[in-house]
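J.: A predicted structure for the sequence below; I have some questions about it.
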Amino acid sequence: MNRLTPLERSALVTIGALTALAGAANYGHWAAVPRFAVATLALAGLAWIVSFATEQLGERFGPAITGMLQSTLGNLPELFVVVFALQKGELVVAQTAIVGSIFANAMLVLGLVIVVGARRAPDGVMRFSHRLPRDTATLLLVTVFIIVLLGLSLGSHDPASHHVKAISAVGAVSLLVVYLAWVVPYLRPDTTPAVEGVASRDIDGRGAGAPPPATERIDGPRLSLRLTLTLLLVAGVASVFVSDWFVNALSPAIVQLHISQAFAGLVIVAIAGNAVENTAGLVLAWKGRSDLAISVVKNSVAQIAAFLFPLLVLISFLLATTLTFALAPVYVGALLVMALAMWQVTADGEAAAFEGWALVALYVILATLTLYE
C-alpha cells in the first residue's frame, strides 16, 4: 500500500538529513546564524512530514477531519517553539510567535491564496463556501475581544489591570470551551469513512452524501496505517528536539543579524512554523480547489487563535515565564483591524485578487514596523 512518489522519498531523506545536521550544529556549537538557518529549515521540513502523514490518516475518515487533523498536528512545531521560548524566558519571542502565526496565516498566506485562486478563476473571482470563513471570524473575534479588553484595562490602569494572569486564565478556558462547542458539531457529520471518489461531506459542509467536485476528489490513503503513525511519531519527537535547538540559536542569531525579537517572532518563527499552510494553501489554490485551499488556511487561523493560544496560556503557568493575553498596544490594534479585514474579504464567499493583495499589504506593513520595535 505504501506508494510514495520519488519526490516524496527525496523530501523525507532530505528532511532527515537536515534534522541530523541541526543536531550536529547545536551540539557542535556552530556559529549562531548557520545553526539558526539549519534549525529553521529542519523545523519547516518536520512540519511538512506531520502534515503529509496527517493527510494520509485523515483520508481514512473524511475531508473535514483531514483538514482539522492537518491544522492541529501541523502546529506541533510551533507549540514546542513557544513552550521552549517561555521556559528560557523569551516572552517577546513567544508572544510574537503565536500572534505572528495568526497574522501570517490570516493576512500573508490567505492573501496569497486569494491572489492565486482569483488568477486561476475564469472570471477573476475566487469562490468558496462561506461557512468556515464566518466561523473562523467568530472564533477570532472572541480571542480579539479578550486581548482588546485587557489592553484597554492596562492602558487605563483600572483595578482589573492588576489581575492579568487570572483574567487570562479565565479567558483561555472560555475560549477552549467555545472552540470545542464549534469543532465537535463541525466534525461529527464527517466521521463516516470516505470511500474512493465520494466523501460523506466536504470540508465546508455541502451536505452528507454529496459528491465533491471533480477537482476535489479523494483518492484514499497511499500509506499503511502503521507507516502513517510511525511518521507522525518520529516527526513529533524530532520536532521537540529541533524546537529546542531553534530557540537556543535564536537569541544569538538575532544579535548577529541586527533584527528585533518582535521581527524574529512575528515573521521568521511564524512563517517557518506555518510552512505547511503556506505551501498547501497555495498549491490547492493553483489547482482550483478553492474550498480546500481556504479551509487549510482558515482552520489554521481558528486553531491558533481559539485553541493553541489559550492552551499555551494555561501551559505557561507551569513554566518559568507566564504567557497572557496582554500584548503591546500596537499588536492589539493590528489584531482588531486584521480580524475586521479578514471578515470583510471572505465572509461573502468570494474574493478578487486585489483583496488578496490588500491582505498581503497589511502584513508587509506590520512586518516592517516590527523591524524597528
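T.: That came through fine.

J.: surely Ala341 and Ala358 touch.
T.: Yes: using CB atoms under 8 Å, Ala341 makes contact with Ala358 at a distance of 7.3 Å. For every residue, glycine as well, the C-beta is placed using N, CA and C.

J.: list the buried residues for stretch 151-159?
T.: Buried residues in stretch 151-159, counted by 16 or more other CB atoms under 10 Å: 151, 153-154.

J.: I should have written stretch 9-23 there, sorry.
T.: Quick answer for stretch 9-23 (16+ other CB under 10 Å): 11-12, 15-16, 18-19, 21-23.

J.: so which of those residues sits lowest on pLDDT?
T.: Among the buried residues of stretch 9-23, Ala11 carries the lowest pLDDT, at 88.

J.: distance of that one from Leu46?
T.: 11 Å (CB to CB, to the nearest Å).

J.: ok, residues contacting the helix or strand where Ile98 lies?
T.: Element membership for Ile98, per DSSP states H and E: helix 91-103. Contact with helix 91-103 is made by 75, 78, 81-82, 85-86, 140, 247, 250, 261-262, 264-267, 269-270, 273-274, 300-301, 304-305, 308-309, 312, 321, 323, 327, 331, 334-335, 338, 363, 366, 370, as judged by CB atoms under 8 Å, 6 or more residues apart in numbering.

J.: just give me the neighbour total for Tyr372.
T.: Tyr372 has 8 neighbouring residues, counting by other CB atoms under 10 Å.

J.: show me what the longest helix belonging to the chain is packed against.
T.: Ranked by residue count, the top helix of the chain under DSSP state H comes out as helix 225-257. In terms of contacts (3 or more CB pairs under 8 Å, 6 or more residues apart in numbering; DSSP states H and E), helix 225-257 is packed against helix 6-27, helix 32-58, helix 76-87.

J.: flag the shaky bits of the stretch 201-350 of the chain, pLDDT-wise.
T.: 201-220, 273-278 (pLDDT under 70).

J.: ok, 50 please
T.: Residue ranges of the stretch 201-350 of the chain with pLDDT under 50: 201-218.

J.: mind checking the pLDDT average for stretch 153-172?
T.: For stretch 153-172, the per-residue pLDDT averages 93.

J.: give me the distance from that stretch to the chain's centre.
T.: Relative to its chain's centre, stretch 153-172 lies at 27 Å (CA atoms, centre = their mean, to the nearest Å).
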